[in-house]
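**Student:** give me coordinates for this.
(chains A and B)
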Amino acid sequence: MIPKHPAAQETSPHVLTRRSLMGSMLVPAAALLLGGCSRALKAGSDGATSDERPLAAKGIEFPEGPGAQLVRADGTRVFRNHKLVDQDGRVAYFQDDLIEGRVFAATFQYAKCNGICGSMTARMAEAYDLLKPIMDKPVQFYAFSLASDAPADMKKFMVDHGIYGRPGWRFFSGSPEAIKDIRWAFGFGDPNEEVDSSLTGHTGMARFGHHKFDKWSACPALANPEQTAIAMVSLFPADQRPQIAGLCRPADIPSTKIPGYVPRAPLRANQL
Amino acid sequence: MSNGFLGQPVNRRTFVQGSALATGAFFINTKFSRSMLADVPTSPFTTPWVQPLAFAPYKIPIPFGQQYSTPINEANFQRFDEFRPQKFYEVNVCETMHRAHPQLAFSPHSSYDGMCPGPTFMMRYGEPVFTRINNCMPSVVQGFGSCDVITHVHNGHHAPESDGGPWDLYNPGCCHDHHWPNIYAGGDELEAKGTLFYHDHCHDFTSQNVYRGMAGFFLLFDHRDSGNENDPNPDAFRLPSGVPDGKRVKNRYDIPLVFADRNYDANGMLTMDLMNMDGILGDKHLVNGRVQPYFEVERRKYRFRLLNSGISRYMDLWLSNGMAFQYLANDGNMITKPLTLQNVKLGVAERGDIVVDFSQLPASTTALYLVNRAEQTNGRGPTGNTLPMNQSHQLLKFIIRPETNVPDNSRVPTTLRALPAMDRPVVAERTWHLTRTNGMWTVNGNLFDQNRCDAACKIGTAEIWNFSTAGGWAHPMHNHCEEPRYLTYNGQPVAGTTHEARKDVHGMWPGESMSVYIKFRDWVGKYPMHCHNLIHEDHAMMVRWDIVP
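**Tutor:** Numbers count the residues shown, from 1 in each chain, chains lettered A, B, ... in the order given. This next block holds a predicted model:
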């Protein structure tokens, strides 16, 4: 069973939203400022922020609204290049540093969550253990803060959950607009504003991506870690898939090799 | 490169027209905005009714026991000797270039034997077959679609090792064998099925592979639904007969129609919103792989096998003049007696067999349209509203030939198949409550785990299953292997409705519920049950249930 978020069982009519949580987190936010991450972001309603770093290529115009993304002619995907900061105060840019050429799993969490975030992290840690041979290089785990957590809080969360210092696992914070844009870009938005802004009901899904081949899938972060690890490995080309001991699908009948099989090249738009 | 059964030869000129824009003339191919969550890019304009309805050719078998690339391990299959195959099919899953309309571009698709939809399997009860499906995909495809595949015959009464469950996916360069015995479930002739289809079922990537073209018809006949309108057998239904075989369309009156909706980018290339978690709606409506085709019909009876292949759209199908037709089968299963209806509602993967009598039309009627009147604004499900006829989605144009007094020996019998008896002891009653928690699909509060059996059902017994949904979502639930009989629908008796039937897809519209009676026969092993909104399925809206000794 999925653990219920304690706040979801409260009888209080107050719904915990990102905004109300922000109000209770002024002190950590101040600490974040001191930590080097500028929070003075001018945000537009279209999901763009003034803290984006321009992308290298010119002529990119995102559609309006949160979650906008583009697909280049080479089939790779472009998101807004939001400025983020990780648990150690290091600045990173979303498209340049987290997406471009990367293979990753992404979750949305926050440091002071009393609900599913702890369980999600524990399950993802088990998946991490299964994927250890390929973690960091090339696979990355990203957690994005839904509550504009300060680096110190994100670090504490990672320490408390035994994942701090694991190669390839980082916790990122950014402006609320930037995180919303990323969350929507990954498909975890809701047209109902109240539902969308509810922290207690935040998504427990993990998004998997392989940027080079534009491969995308998703499954619950609370799923059996073996399934999460398989979902991660499935993003790789079949002939480059890491062979990891103990990670296998329980097929009824093993498939058999086709004798004399010659691998096919993928078709492209300009090929007939 | 095969162009399947499109019938449009690919030459350098058409290719250049179709692809020049897509080869780098623009930096950006596609833009997605998520502000409305119904955020599909608008496809280019296409002129409707400029191309004829296309049909896949029959899949041709060879006698079982002839050439195999690798030996068959008969021990892998339950009751293999009892239902020893008579025929052998070999299918190649491969990439192909396909375009759904002359004003769109050729796009890479995933296909069975290079066709979209795949070849039509013409099967008969009592003729077991063996099928080998080779994965000839490249090791990676750019963008949506997976190189891994597994083929499931939807509503096939097949043992789990031949069922094509999502956990049986396999890689390029490998093949997978299927033993399809074509037997009545439990040996009961009343369990006969007719209109089935096959599609990819790759775990996490089913929606992408089906969207990319991996589906085709699988039709089953027997001595009653014999596929011969002149059948001298007094038990035969003698429904309009003759399934088109590729370009062999003349004098064929048993017409399979697979509906799909797709999106295309500004260059006319097939595109898919890979980040959509709710469900995907396309703004181009395809019938048998083509956008808004036409079909020339004679003034006589036709049988149409309607299949909504989705991947998220619900349908409420009408003829544009509102004329009534005879409704024969729900999910490919003959009902007890034909119903006279004006519309058929189909959730994703649901089927409906109807007979339309074009001889009833006045001479002045020269064209009709098959339209979808279900209003749906996002992938979560239909609104429940019926679109006015003039705002409906036009899918297919029927051009009515002028000749009258066309010979027609077909008929629609007054009775079809009785429902199978509910003669097995009910040993358990289960509840399947579908909901969403923290953006994750759950069934009875549980996330999917393919290593966990959520219902162990004893072979030879029966159970009552109660389905219910929460929230404003539609979930066409589908269970493999066994198809239940409806007891109640939304708490109401089903007698005299389209739900007085056996069903394999429970196309629950938002808030609906139902109670069904289900038997467990012939095979043991694990099967999935899942939402057939394929986006939901790929995000783990699934349970595993087992038939146990």
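
**Student:** what sits closest to residue 166 if chain neighbours are left out?
**Tutor:** Chain wasn't specified; assuming chain A. Among residues not flanking A:R166 along the chain, A:Y128 sits closest, at 6.4 Å (CB to CB, 6 or more residues apart in numbering or on different chains). In short, each C-beta sits where N, CA and C put it, glycine included.

**Student:** I was thinking of chain B, sorry if that wasn't clear
**Tutor:** Computed as CB to CB, 6+ apart, the closest residue to B:P166 that is not its neighbour in sequence is B:H203, at 3.8 Å.

**Student:** correct me, but that neighbour touches B:W167?
**Tutor:** Yes - under the criterion of CB atoms under 8 Å, B:H203 is in contact with B:W167, at a separation of 6.3 Å.

**Student:** how about the residues of the stretch 101-250 of chain A that lie near chain B?
**Tutor:** Residues of the stretch 101-250 of chain A found near chain B (CB under 8 Å from any CB of the partner chain) are A:115-116, A:184-191, A:201-205, A:207, A:213-220, A:222-224, A:226-227, A:231, A:234, A:236-240, A:249-250.

**Student:** phi, psi for the nearest residue to B:I150 once chain neighbours are set aside please.
**Tutor:** In space, and not counting its chain neighbours, B:I150 is closest to B:L169: 4.3 Å by CB to CB, 6+ apart. Backbone geometry at B:L169, expressed as degrees, to the nearest 10, gives phi -60, psi 160.

**Student:** where does the chain dip in pLDDT?
**Tutor:** Chain wasn't specified; assuming chain A. Of all residues in chain A, those with pLDDT under 70 make up the ranges A:1-50, A:56-59, A:248-254, A:269-272.

**Student:** you looked at the wrong chain, it should be chain B
**Tutor:** Judged by pLDDT under 70, chain B has its weakly predicted residues at B:1-41, B:67-68.

**Student:** show me where it has helices.
**Tutor:** Chain-ordered helices for chain B, with DSSP state H as the definition, fall at B:12-19, B:160-163, B:206-211, B:534-538.

**Student:** where does the residue of the stretch 1-150 of chain A found nearest chain B sit: helix, strand or coil?
**Tutor:** Relative to chain B, the nearest point of the stretch 1-150 of chain A is A:G65 (2.7 Å; CB to the nearest CB). For A:G65, the reduced secondary structure class is coil; criterion used: DSSP: H, G, I helix; E, B strand; the rest coil.

**Student:** give me the neighbour count for it.
**Tutor:** For A:G65, the neighbour count with other CB atoms under 10 Å in any protein chain shown is 19.

**Student:** B:H203 and B:W167: which has the busier surroundings?
**Tutor:** A count of neighbours by other CB under 10 Å puts B:H203 above the other of B:H203 and B:W167, at 27 against 19.

**Student:** before we move on, back to that, could you list which of the residues of the stretch 101-250 of chain A next to chain B belong to strands?
**Tutor:** In this view, those that belong to strands under DSSP state E are A:205, A:207, A:215-220.

**Student:** now, the most widely separated pair of these?
**Tutor:** Of all pairs drawn from these, the greatest distance, 18.7 Å, lies between A:K215 and A:P220 (CB to CB).

**Student:** mind listing the helices for chain A?
**Tutor:** Counting by DSSP H, one finds helices in chain A at the ranges A:18-23, A:26-34, A:117-130, A:151-160, A:176-185, A:193-197, A:225-233.

**Student:** what's the most buried one of these?
**Tutor:** Comparing the helices of chain A by mean neighbour count (mean count of other CB atoms under 10 Å in any protein chain shown), helix A:176-185 comes out on top with a mean of 24.

**Student:** tell me what it is packed against?
**Tutor:** On a contact count with 3 or more CB pairs under 8 Å, 6 or more residues apart in numbering or on different chains; DSSP states H and E, helix A:176-185 meets strand A:77-79, strand A:139-145.

**Student:** mind doing that once more with 6 Å?
**Tutor:** For helix A:176-185, there is no helix or strand it packs on, judged by 3 or more CB pairs under 6 Å, 6 or more residues apart in numbering or on different chains; DSSP states H and E.

**Student:** can you tell me which residues contact the residue nearest the centre of chain A?
**Tutor:** If you average the C-alpha coordinates of chain A and look for the closest C-alpha using CA atoms, centre = their mean, you land on A:A106, 2.2 Å from that point. A:A106 sits next to A:142, A:207 when contact means CB atoms under 6 Å, 6 or more residues apart in numbering or on different chains.

**Student:** beta partners of it?
**Tutor:** Beta bridges link A:A106 to A:Y142, A:R207, judged by DSSP bridges.

**Student:** ok, it to A:T200 distance?
**Tutor:** A:A106 sits 20 Å away from A:T200 when distances are taken as CB to CB, to the nearest Å.

**Student:** got it, and A:A185?
**Tutor:** 22 Å.

**Student:** could you do B:G282 as well?
**Tutor:** According to CB to CB, B:G282 stands 34 Å off from A:T200.

**Student:** thinking again about what came up before, now tabulate the helices of chain A in JSON lines and tack on distance to B:H176.
**Tutor:** As requested, the helices of chain A are exported to JSON lines (distance: least, CB to CB, whole Å):
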{"stretch": "helix A:18-23", "distance to B:H176": "47"}
{"stretch": "helix A:26-34", "distance to B:H176": "53"}
{"stretch": "helix A:117-130", "distance to B:H176": "26"}
{"stretch": "helix A:151-160", "distance to B:H176": "43"}
{"stretch": "helix A:176-185", "distance to B:H176": "36"}
{"stretch": "helix A:193-197", "distance to B:H176": "42"}
{"stretch": "helix A:225-233", "distance to B:H176": "18"}
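
**Student:** and of those, who's closest to A:D86?
**Tutor:** Proximity to A:D86, assessed across the helices of chain A by CB to CB, is greatest for helix A:151-160 (6.9 Å).
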